[in-house]
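A.B. asks: Output the structure for:
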Amino acid sequence: MRRLRQLAQRTPPGRERYIDLLRALAITMVVLGHWGVTVIGYDNGRPAGHSALADLRWAWPLTWVAQVMPVFFLVGGYANAASLTSRRRRGGSATGWLVDRSARLIRPTTVLLLVLAAGAGVATLRGADAAQVREVIWFATIPLWFLVAYVAVVALTPPMYALHRRFGLAVPVVLVALVALGDLGRLLGPAVLADGNYLLGWLAVHQVGFAWYDAARPDNRAGHAAPRGLFRRRLPLSGRAGAVLLGGGLVALVLLTVAGPYPVAMLHVPGERLDNAAPPSLALMAAAAAQLGLILLLRRPAGRWLRRSGPWQAVLAVNAVVLTLFLWHLTAAVLLVGLLDALGVLPTPPVGSAAWWAWRVPWLLALAAVLAVLVAVFGPVEARTRRPAATGPAGVGRRRLRAGLALAGYAGVLVGLLLNSLTPKEGPEPLGLPAPALVAYLAGAGLLRLLRSGRDRPG
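C.D. replies: Predicted structure coming up:
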């Protein structure tokens, strides 16, 4: 508590505290949403989980708020633009920013993967079926689907921010148009045309975060007059703009889902022809616009509330371990289900029954207790990641070498995460994770670690 008070007291006056609140809320909603919607049952005598949304059709419109991944990418765009700009002001380079930005993302993820692989290896050596081991680890690593896209947009931040500075809001408009074209492939064929939406959709929201940063930065009135129209670089932050985005987004959502071909749910529903989030669809972009409108409408009252010490300290506490919370929340579910099953007291009431609803509260509380233990153990890895100092200039050859190595490191991490996500959960994997995925990820993470450790050496 003392450290939190000190951090709260040292908060710069111009900090957009609302961004930190949104990040904390988004991850908290993801965690509670996954826990709350999960149905636990038995399949061939073993515990298994699936989504309750297929049986709760009335809850589908609620996912327009509960699907908060757009909020996280919006906040990420703001934070990445702010840190990249700050880095350059202190004399740093885009490559140095990429190398150091990787620490906060990759260190907690590496710990998760190594712990899961070690646990799976022990289970296999003790006679567990390799296919069952893979299924458990697959479930625990579902959050890595999101991390694939986020690591990619972080790697693309320097060139995409340059595009934003040149073309402003025209960039996300073009990206959303490309998402719509990809959706035509899903609706009319071939479906492979929509694969690019996994990146394009999240890039579009990330670009809007750039525009928010440019509008909120203290020096946003410096220089010549800002461009207008689609080429403006600043997001309108007024309540009126929020109302327009909220209303327009909701109208578009109704037209695309109720009257159009898209599912109403913004989360995965088993049996539905389309998944609005995998990859991001035009309907999800409309939901993101509506969410942005609501965010802008609440910005001023939330900002006043965050000036109070208590709420701000709570936000700082969550943000210190926000990625740890996200990465480990499904592992907490695996551990709790395994414990209850071993004790013979795992409840499996039918979805929507009185017993199922009554079980929601103790279920969430028990999961929160398990996750609290995991965060206490692994949270310091994330919380102790320090902000690096900018390095001095280096020769052209060394800069190019570091840039190439940084990109290779990011590529290795992305390939590893993607291979794990694409590998079926039914395949036997003694370590729970595909060996090529683990090798690629560790090679990329190790390369970035070497680059970070050598950042202060003279060039």
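
A.B. asks: Around the residue nearest to A140 when sequence neighbours are not counted, how many other residues sit close by?
C.D. replies: Once flanking residues are discounted, A140 sits nearest to T331: 4.5 Å by C-beta to C-beta, 6 or more residues apart in numbering. For glycine as for every other residue, the C-beta is placed from the backbone atoms N, C-alpha and C. T331 sits with 23 neighbouring residues when counted by other C-beta atoms under 10 Å.

A.B. asks: Likewise for G91?
C.D. replies: G91: 12 surrounding residues under other C-beta under 10 Å.

A.B. asks: Doesn't it lie inside a strand?
C.D. replies: No: using DSSP: H, G, I helix; E, B strand; the rest coil, the assignment for G91 is coil, not a strand.

A.B. asks: Next up, the contacts around the residue nearest to A140.
C.D. replies: Neighbour list for T331: 112, 116, 140, 374 [criterion: C-beta atoms under 8 Å, 6 or more residues apart in numbering].

A.B. asks: biggest helix in this structure by residues?
C.D. replies: As assigned by DSSP state H, the longest helix anywhere in the chain is helix 94-125.

A.B. asks: Please name the spatially closest residue to the residue positioned nearest the centre of the chain (chain neighbours excluded).
C.D. replies: Nearest residue to the geometric centre of the chain (C-alpha atoms, centre = their mean): F146, 5.1 Å. For F146, ignoring the flanking residues on the chain, the nearest one in space by C-beta to C-beta, 6+ apart is M69 at 6.5 Å.

A.B. asks: per-residue confidence at the one you found?
C.D. replies: Listed pLDDT for M69 reads 94.

A.B. asks: how close does it get to V39?
C.D. replies: Distance from M69 to V39, counting by C-beta to C-beta, to the nearest Å: 22 Å.

A.B. asks: and these two? which has more neighbours close in?
C.D. replies: Neighbours were counted for M69 and for V39 using other C-beta under 10 Å; M69 has more, 23 against 19.

A.B. asks: Please report the distance of that one from H50.
C.D. replies: Distance from M69 to H50, by C-beta to C-beta: 20 Å.

A.B. asks: again, but for R23
C.D. replies: 29 Å.

A.B. asks: Comparing these two, which shows the higher neighbour count?
C.D. replies: Remark: of R23 and H50, R23 carries more neighbours, 22 against 15, as counted by other C-beta under 10 Å.

A.B. asks: my guess is that one contacts V322, does it?
C.D. replies: Yes: assessed by C-beta atoms under 8 Å, R23 is found in contact with V322 at 6.1 Å.

A.B. asks: quick one: low-confidence parts of the stretch 101-250 of the chain?
C.D. replies: Flagging of the stretch 101-250 of the chain using pLDDT under 70 yields the residue ranges 218-226.

A.B. asks: Check what pLDDT the closest residue to W328 other than its chain neighbours gets.
C.D. replies: Excluding its sequence neighbours, the residue lying closest to W328 (C-beta to C-beta, 6+ apart) is L374, at 4.5 Å. We have a pLDDT of 97 for L374.

A.B. asks: From start to finish, how long is stretch 63-77 in a straight line?
C.D. replies: Stretch 63-77 has an end-to-end distance of 23 Å (criterion: C-alpha to C-alpha, to the nearest Å).

A.B. asks: what are the ranges of the helices in the stretch 51-200 of the chain?
C.D. replies: For the stretch 51-200 of the chain, helices defined by DSSP state H, counting those that start in this stretch occupy the ranges 63-66, 69-89, 94-125, 130-140, 144-155, 157-167, 170-188, 197-216.

A.B. asks: Alpha carbons only: can I get the fifth one in PDB?
C.D. replies: I take that to be helix 144-155. In PDB, the C-alpha atoms belonging to helix 144-155 read as follows (Å, rounded to 0.1, in the frame of the first residue of the first chain):
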ATOM      1  CA  LEU A 144      -2.500 -16.400 -26.300                       C
ATOM      2  CA  TRP A 145      -4.800 -16.000 -29.300                       C
ATOM      3  CA  PHE A 146      -5.200 -12.300 -28.200                       C
ATOM      4  CA  LEU A 147      -1.500 -11.900 -27.600                       C
ATOM      5  CA  VAL A 148      -0.600 -13.000 -31.200                       C
ATOM      6  CA  ALA A 149      -2.500 -10.000 -32.500                       C
ATOM      7  CA  TYR A 150      -1.300  -7.600 -29.900                       C
ATOM      8  CA  VAL A 151       2.400  -8.500 -30.300                       C
ATOM      9  CA  ALA A 152       1.900  -8.000 -34.100                       C
ATOM     10  CA  VAL A 153       0.400  -4.500 -33.700                       C
ATOM     11  CA  VAL A 154       3.100  -3.500 -31.300                       C
ATOM     12  CA  ALA A 155       5.800  -4.600 -33.800                       C
END
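
A.B. asks: residues making contact with stretch 371-390?
C.D. replies: For stretch 371-390, using C-beta under 8 Å, 6+ apart, the contacting residues are 31, 87, 90-92, 96, 100, 103-104, 107-108, 111-112, 115, 320-325, 328-329, 331-332, 452, 455-456.

A.B. asks: quick one: it to chain centroid distance?
C.D. replies: Its chain's C-alpha centre and that of stretch 371-390 lie 17 Å apart, by C-alpha atoms, centre = their mean, to the nearest Å.
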